[in-house]
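Participant: just to be clear, the model below is a prediction. Sequence and coordinates:
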Amino acid sequence: MNTFIQKAKKSHYAIPQINVNGLIWIECILKAAEKTRSPIILGTTDKVIDFLGGYDFICKTIKNKVKSMNITVPVIIHLDHGLTLEGCKKAVDAGYDSVMFDGSKLPIDENIAQTKVIVDYAHKHHVIVEGEVGAIGGNEDGVIGNVQYARLEDCIRLAKEANLDTLAPALGSVHGKYQGEPNLGFKEMEEIQEAIDIPLVLHGASGISDEDLVRAIKLGHAKINFNTEINIAWSNQLRQTLTNDQNIFNPQQILNPSKDAIEETVVQIIHKCLSNNRA
Ligand code: 13P
């Protein structure tokens, strides 16, 4: 799986990570990826894993869908913001291709130590690991945080000492809706990518301009995470469908237009990440 992300870094595009928020997301994301010939990452955030049916259920369901839909583009199943060592190990055992351990709230020595335990376990099972330094701001599934820029020396230490595959350095991006204009730390991004050669991951991409996304890709970001943008498109369409017909109650009639909205938004994201026709 790492080779796909390394290839993206080398060729200056990013593989989009789209967060899965329910079963209909899976089909829509896969359709969009196949249609545009883009490699794709389906992310499940640890905070909503029970809502999604658990690690094993959601991982097997995605794999079954890939098979039944005859998907031919590379699909990576990723645990987003893994909160505990136990949860990350469960995801590895369930068959995920990639896990993120989010030790960013821990002191750096502890973040390194715990991330390393996951890396050792995951690598034995050919699963890749993403780590995080600093604090991505905003609201991630109920967890509110403020932006705290990643320190260069912490990034270097976590990447090297934990033997990471990908690194998410917090550099001003925010989960959820931005208040005001996003202000990414491009100078810091440049320093980090010069110091470490593993691909970088940009969280909180919804609301970041197309130009800034391309700039981040040029500065080593080869995986870019989107959640809010798709949820807004889905919920806007759902509201509109229900408002347009006050008597509608058939679930498929209600949900089908919002499925199209998810698919269309993912297609747009793929183009922003320059990953179309890269499969
Ligand atoms: P957004 O919800 O801001 O798109 O962020 C998604 C994300 O970073 C998931 O880890």
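Facilitator: Nice, I can see it.

Participant: looking at the stretch 1-150 of the chain, which residue is nearest the ligand?
Facilitator: Asp80 (4.7 Å; C-beta to the nearest ligand atom). In short, each C-beta sits where N, CA and C put it, glycine included.

Participant: ok, that residue touching Thr44?
Facilitator: Yes - here Asp80 reaches Thr44: they are 6.3 Å apart, a contact under C-beta atoms under 8 Å.

Participant: what touches both of those two?
Facilitator: Asn19 (C-beta atoms under 8 Å, 6 or more residues apart in numbering).

Participant: re earlier: helix or strand for the residue of the stretch 1-150 of the chain closest to the ligand, which one?
Facilitator: strand 75-82 (DSSP states H and E).

Participant: export that strand as CSV, just CAs?
Facilitator: Extracted C-alpha coordinates of strand 75-82, given in CSV (Å, rounded to 0.1, in the frame of the first residue of the first chain):
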residue,chain,number,x,y,z
VAL,A,75,-8.4,0.9,-2.9
ILE,A,76,-6.8,1.4,0.5
ILE,A,77,-8.8,0.8,3.7
HIS,A,78,-7.5,3.1,6.4
LEU,A,79,-8.2,3.7,10.1
ASP,A,80,-8.4,7.5,10.6
HIS,A,81,-7.4,8.9,14.0
GLY,A,82,-6.9,5.6,15.8
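
Participant: strand partners (parallel or antiparallel) of that strand?
Facilitator: Sheet pairing here is set by DSSP bridges, and for strand 75-82 it gives strand 40-45 (parallel), strand 98-101 (parallel).

Participant: which other residues reach the shortest one?
Facilitator: Meaning strand 98-101. Contacts for strand 98-101 (C-beta under 8 Å, 6+ apart): 1, 41, 76-82, 85, 88, 91-92, 114-115, 118, 122, 127-132, 165-166, 168, 201.

Participant: report the beta-bridge partners for the closest residue to the residue of the stretch 1-150 of the chain closest to the ligand other than its chain neighbours.
Facilitator: Leaving aside its sequence neighbours, Asp80 sits nearest to Gly43 (C-beta to C-beta, 6 or more residues apart in numbering; 3.9 Å). Here Gly43 sits in beta bridges with Asn19, His78, going by DSSP bridges.

Participant: who touches Gly43 in this structure?
Facilitator: Contacts were defined as C-beta under 8 Å, 6+ apart; by that measure Gly43 touches Gln17, Ile18, Asn19, Val20, His78, Leu79, Asp80, Asn225, Asn227.

Participant: top of these by neighbour count?
Facilitator: Leu79 (31 neighbours; other C-beta atoms under 10 Å).
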